[in-house]
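J.: Fold the following, please.
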Amino acid sequence: MFKDRHPAFLAALWMTGALFSFMAMAVSGRELTAEYTTFQILFFRSVIGVVLIGALVIKTGTQQLRTSRPGAHLVRNIAHFGGQYGWFYGLAWISLAEVIAIEFTTPVWTALLAWLLLGERLTLPRMLAVALGIAGLLLILRPGLGVLHPASLAVLAGAFGYALSYIQTKSLTRTDTPLCILFYMTLMQLPFGMVPSLLDWKSPTLEALPWILVVGVTAMSAHYCMARAFKLADATVVVPMDFMRLPLIALVGYLFYQELIDWYVLAGAALMFSGNLINIRAEQRKAPILKEIRAPQSPE
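T.: Model (predicted):
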């Protein structure tokens, strides 16, 4: 039915799936934090992830799981696990909108880490994106105007962990397949969550089982939908839709948890979005120039 549609329209459909997946994961995470520790939630997520990825491996074959870089996978998954821990921990203590808004600083830390670790140039648009991202963060946290909740700092540390995992992912994609990266992510992070969970274990109840399933499934579906959207359309189409997570999750928080809408949070996220959009447009203008330079010249 949709095969003859414009790629941007199809990308929008995939991003709609990603948005609902992220929102469902946030709500289910909030529900589970009332009864279970963050480590247990991450353990449940990994168990479901192992089952889902294992089924894909059985279907496609194990040959693409070969890797010569187990150390890089370990570093990536420690950073990614830290990012997830900060994100889910924040869901228990601060508003859903603030969690999502602070998470949007991830591109800022990614740009800085790419400059420090990969030697990528910190161009003027990238520096502007970093500056606007930090300004947006300060507007959201407003340090000095009250007691800063530790959960906000945990989410901020989690955003840094996500950035480091993205840098490692970029490096790993040069040698390993996406399924290989996902397989080792679920396999390695399973004991990360299991060991501390056993110290304060609480068996899941039948009432909690649907929320556990939603956390595990949407964690996979959100990133799968985003990957499909990026394959179909430019970042200037996909990224603005990703930032729709903030007003949507603020509405969910208001309707289901009576959370007040913080206009400082929305304004800070708008600054971050502006910086990201400026940087993306600059990268897109640069791409055709580089393509033309690298193209073989025809003889006169």
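
J.: For Gln168, give me its contacts.
T.: Taking C-beta atoms under 8 Å, 6 or more residues apart in numbering as the contact definition, Gln168 lies against 72, 75-76, 79. The C-beta positions use only the backbone N, C-alpha and C, and glycine is treated the same way.

J.: Likewise for Val265?
T.: 95, 97-98, 101, 140, 246, 250.

J.: Using the three-state scheme, assign it.
T.: Per DSSP: H, G, I helix; E, B strand; the rest coil, the local secondary structure of Val265 is helix.

J.: among the contacts of Val265, who's most crowded?
T.: Ala101 (32 neighbours; other C-beta atoms under 10 Å).

J.: give me the element that residue is part of.
T.: Using DSSP states H and E, Ala101 maps to helix 96-103.

J.: What are the buried residues along the helix or strand just after that helix?
T.: Sequence order places helix 106-117 as the next helix or strand after helix 96-103, per DSSP H and E. Neighbour counts over helix 106-117 (16 or more other C-beta atoms under 10 Å) mark 106-115 as buried.

J.: residue ranges with poor pLDDT in the stretch 51-200 of the chain?
T.: 143-147 (pLDDT under 70).

J.: Mind doing that once more with 50?
T.: For the stretch 51-200 of the chain, no stretch has pLDDT under 50.

J.: What segments of this structure are strands?
T.: Defined through DSSP state E, the strands belonging to the chain form an empty list.

J.: now the helices for it?
T.: 7-32, 38-60, 70-93, 96-103, 106-117, 124-141, 150-172, 178-199, 209-232, 235-242, 245-257, 263-294 (DSSP state H).

J.: Serialize the contacts of Val265 to a markdown table and add fields for distance to Cys180.
T.: Below are those laid out as a markdown table (distance: C-beta to C-beta, whole Å):
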| residue | distance to Cys180 |
| --- | --- |
| Ser95 | 37 |
| Ala97 | 35 |
| Glu98 | 35 |
| Ala101 | 33 |
| Ile140 | 36 |
| Leu246 | 32 |
| Ala250 | 37 |
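
J.: now, the most widely separated pair of these?
T.: Pairwise distances across the contacts of Val265 (C-beta to C-beta) peak at 12.4 Å, for the pair Ile140 and Ala250.

J.: how about stretch 46-53: buried residues?
T.: 46-50, 52-53.

J.: excluding its backbone neighbours, what's nearest Met241?
T.: Met15 (4.1 Å; C-beta to C-beta, 6 or more residues apart in numbering).

J.: what's around the one you found, how many residues?
T.: 25.

J.: The chain should start at 50 in everything you say after this.
T.: Taking 50 as the first residue, the last one we looked at is Met64.

J.: who touches it in this structure?
T.: Per C-beta under 8 Å, 6+ apart, neighbours of Met64: 274-275, 278, 287, 290-291.
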